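*Asks:* For reference, the sequence and a predicted model appear below.
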Amino acid sequence: MGSADSLTAVRGSTLSPAPPDPYALDPHMTTGSRRAGRAAPLAPAPLLPSPEVLSRLAACAEAADRSGEPDREAVAVLRESRLLALVVPKSHGGAGADAVALNSCVEQVASVNASAAIMLFQHCAVTSRIVENGTPAQHCEVLTKLAGGQWLAASAWSESGAGADKKNLSTLAHRTPDGGWLLDGAKSFTTSAGLADVYLVLAQSQQEPPASASSSRDTGYGAAGQTFFLIPGEHPGLLPDTSLRLTGMRGSATGFVSVRECRVPDTARLGAPGVAASIIARVRNSGATLGAVAVGIAQAALDAAHEHAARRGLYAHQAVRHRLVDLATQVETARAVVERAGRRTSADPGLTTLHSKLAASATAERVVADVAQFLGSAGYVETHPINRFGRDARAVALMGPTNDLCKELVSLPWNR
């Protein structure tokens with residue numbers, strides 16, 4: 001876990017002096033200089049995982065799936081690989097990857113370890129929100145740690161009773177007399193719970209009206225008066241719970257995170273108060289898509305089919321070859337729409353991103369099912385990876401925005 005110093009408010013009487021701003025820039029820093037004692041610059045962050053990284057991630061995927069325990073080894077590999085720096089700007093030590101590169105990287109990771117891919121994707125999603133909405137001080141403090149691998153980021157948005165559209169949050173954030181915030185509530189289905197070093201927590205700040213009338217427009221996701229907060233994993237009042245046992249993505253540490261009497265300074269707030277819904281609405285326009293995870297899983301299933309055909313000498317049969325071509329065509333089609341989403345060249349990039357998740361997740365489930373049938377009894381063995389691929393593919397459809405919500409977001413304007 002990362003240190004709680006950076007975003008932590010001092011507990012105590014509300015009458016005590018306000019703590020120093022944790023995002024205040026070092027007064028001794030000059031342009032181009034580094035703080036005393038800071039480590040030498042890291043090597044450039046990669047845009048794609050190396051064969052060695054993929055091999056290590058593949059090695060720990062099966063063990064994590066069997067145990068259902070958080071895949072700490074995979075997280076260690078991600079930290080060492082510097083893939084956590086993928087979307088951090090180059091000015092802060094990252095690779096500055098665009099959505100096309102992000103989707104491609106996530107796909108490759110998913111082809112060997114879907115749990116690691118979803119942890120990487122969520123980390124990059126939070127990082128992008130910080131890049132887009134953070135203050136210069138937050139950029140200086142947080143992005144450097146994300147790029148260096150010291151911090152793994154996670155999003156804590158979902159709640160058991162809020163629904164997929166996040167419109168009825170029970171997690172509340174109240175202003176405190178010293179200008180900070182007091183958060184109270186519980187989050188569910190948080191990826192990297194207990195492993196993350198910083199969480200992007202979504203809360204209902206009831207007393208905070210939206211900054212503008214446009215913020216209150218129904219976007220189909222989130223509601224007016226919601227605010228984002230960056231809270232370190234070791235911050236007092238934030239408690240992760242990984243007792244949730246999933247059928248798929250079993251190594252992703254998807255669980256619960258509660259914030260109980262969790263006091264944070266106003267500098268922990270990401271974006272203006274009350275406008276989280278507008279931030280969420282812009283996410284789909286980024287081009288980053290969970291469809292990339294689905295394509296990686298589908299590719300893994302296709303590879304398993306080819307391995308089976310080669311081992312059994314089935315390539316001699318035209319029917320087998322043509323069947324594999326049909327599967328490959330489906331995977332390539334899904335990959336194409338994911339790439340189109342990343343390029344953001346369509347008339348409405350946001351809609352294309354939503355469509356890419358719908359198309360790719362459906363393709364992954366269909367391809368895995370077809371490959372399982374192709375494998376016959378060989379795939380009916382409990383330890384065969386195809387069974388893990390099927391459970392992981394199903395999970396993508398249930399991740400936010402869920403496929404049902406994607407359809408609602410696409411069709412919402414038709415009913416206005």
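*Replies:* Nice, I can see it.
*Asks:* Can you list the low-confidence ranges for the chain?
*Replies:* 1-42, 163-165, 206-220 (pLDDT under 70).
*Asks:* can we see that at 90?
*Replies:* Residues of the chain that meet the criterion pLDDT under 90 lie in 1-45, 158-169, 206-224, 242-244, 281, 400, 412-413, 415-416.
*Asks:* Now do the helices in it.
*Replies:* Assigned by DSSP state H, the helices in the chain fall at 51-67, 72-81, 99-110, 114-133, 136-138, 144-148, 276-283, 291-312, 318-343, 349-375, 385-398, 403-411.
*Asks:* Can you list the buried residues in the second one?
*Replies:* So that's helix 72-81. Within helix 72-81, the residues that count as buried by 16 or more other C-beta atoms under 10 Å are Glu73, Ala74, Val75, Val77, Leu78, Arg79, Ser81. Backbone N, C-alpha and C define where each C-beta goes, glycine included.
*Asks:* OK, contacts around the first one?
*Replies:* Read it as Glu73. Residues in contact with Glu73 (C-beta atoms under 8 Å, 6 or more residues apart in numbering) are Arg56, Cys60, Ala63, Ala64.
*Asks:* What's the PyMOL line that selects buried ones from the residues you listed?
*Replies:* Applied in PyMOL, the following selects the buried portion of the contacts of Glu73 according to 16+ other C-beta under 10 Å:
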select buried, resi 56+60+64
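*Asks:* Can you get me a residue count around Arg321?
*Replies:* Arg321 has 13 neighbours, counted by other C-beta atoms under 10 Å.
*Asks:* Counting neighbours, what do you get for the spatially closest residue to it that is not a sequence neighbour?
*Replies:* In this structure, Arg321 finds its nearest non-sequential neighbour in Tyr315, 6.2 Å apart by C-beta to C-beta, 6 or more residues apart in numbering. By other C-beta under 10 Å, 12 other residues sit near Tyr315.
*Asks:* Now do Tyr315 against Ala328, distance only.
*Replies:* 14 Å (C-beta to C-beta, to the nearest Å).
*Asks:* for Ala95, same thing?
*Replies:* According to C-beta to C-beta, Ala95 and Ala328 sit 30 Å apart.
*Asks:* Name the residues that touch stretch 375-395?
*Replies:* 61-62, 65, 114-115, 118, 246-250, 294, 297-298, 300-301, 304-305, 308, 361, 364-365, 368-369, 371-372.
*Asks:* are any of the residues you listed buried, and which?
*Replies:* Among the contacts of stretch 375-395, the ones that count as buried by 16+ other C-beta under 10 Å are 61, 65, 114-115, 118, 246, 248-250, 294, 297-298, 300-301, 304-305, 308, 361, 364-365, 368, 371-372.
*Asks:* List the buried residues of stretch 149-168.
*Replies:* Quick answer for stretch 149-168 (16+ other C-beta under 10 Å): 149, 151-159, 162, 164-167.
*Asks:* related to what we said a few turns ago, could you single out the nearest of the buried residues of helix 72-81 to Ser188?
*Replies:* Ser188 lies nearest to Val75 out of the buried residues of helix 72-81, by C-beta to C-beta, at 20.7 Å.
*Asks:* so who does the closest one touch?
*Replies:* If you count contacts by C-beta under 8 Å, 6+ apart, Val75 has them with Ala116, Met119, Leu152, Ser192, Leu195.
*Asks:* if we go to 6 Å?
*Replies:* Residues counted as contacts of Val75 (C-beta atoms under 6 Å, 6 or more residues apart in numbering) are Leu195.
*Asks:* gap between it and Leu84?
*Replies:* Counting by C-beta to C-beta, the gap between Val75 and Leu84 amounts to 9 Å.
*Asks:* again with Glu382
*Replies:* Distance from Glu382 to Leu84, by C-beta to C-beta: 33 Å.
*Asks:* what are the phi and psi angles of Leu86?
*Replies:* Dihedral pair for Leu86: phi -50, psi -50, per degrees, to the nearest 10.
*Asks:* Leaving out chain neighbours, which residue sits closest to Leu169?
*Replies:* Nearest residue to Leu169, sequence neighbours excluded (C-beta to C-beta, 6+ apart): Gln204, at 4.4 Å.
*Asks:* Verify the contact between that neighbour and Asn168 for me.
*Replies:* No. Taking contacts as C-beta atoms under 6 Å, Gln204 lies outside contact range of Asn168: 8.8 Å.
*Asks:* Work out which residue lies at the spatial centre of the protein.
*Replies:* Gln122 (0.9 Å; C-alpha atoms, centre = their mean).
*Asks:* surely it meets Thr191?
*Replies:* Yes. Between Gln122 and Thr191 there is a contact under C-beta under 6 Å: 4.7 Å.
*Asks:* Find the residues that touch each one of the two.
*Replies:* In the contact map built from C-beta under 6 Å, 6+ apart, the residues linked to both Gln122 and Thr191 are Ala154.
*Asks:* Identify the residue nearest Gly287 in space, chain neighbours excluded?
*Replies:* Ala99 (3.1 Å).
*Asks:* ok, now which ones touch the one you found?
*Replies:* Contact analysis of Ala99 by C-beta under 6 Å, 6+ apart lists Ser286, Gly287, Ala288, Gly342.
*Asks:* okay, which residue of this structure is out on the far edge from center?
*Replies:* Among the C-alpha atoms of the chain, the one farthest from their average position, using C-alpha atoms, centre = their mean, is that of Ala316, at 42.7 Å.
*Asks:* and that residue, how far is that from Ser111?
*Replies:* For Ala316, the distance to Ser111 (C-beta to C-beta) stands at 27 Å.
*Asks:* same deal with Ala64?
*Replies:* Distance check for Ala64 against Ser111: by C-beta to C-beta, it reads 16 Å.
*Asks:* what's the distance between the residue nearest to the centre of the chain and Ala153?
*Replies:* 7 Å.
*Asks:* same check, this time on Pro413
*Replies:* Applying C-beta to C-beta, the value for Pro413 to Ala153 is 32 Å.
*Asks:* And Val320, by the same measure?
*Replies:* Distance from Val320 to Ala153, by C-beta to C-beta: 44 Å.
*Asks:* Gly400 now?
*Replies:* Distance from Gly400 to Ala153, by C-beta to C-beta: 16 Å.
*Asks:* about what we covered before: can you name the two of the buried residues of helix 72-81 that sit furthest apart?
*Replies:* Maximum distance among these (C-beta to C-beta): 12.4 Å, for Glu73 and Ser81.
*Asks:* No more questions from me, cheers.
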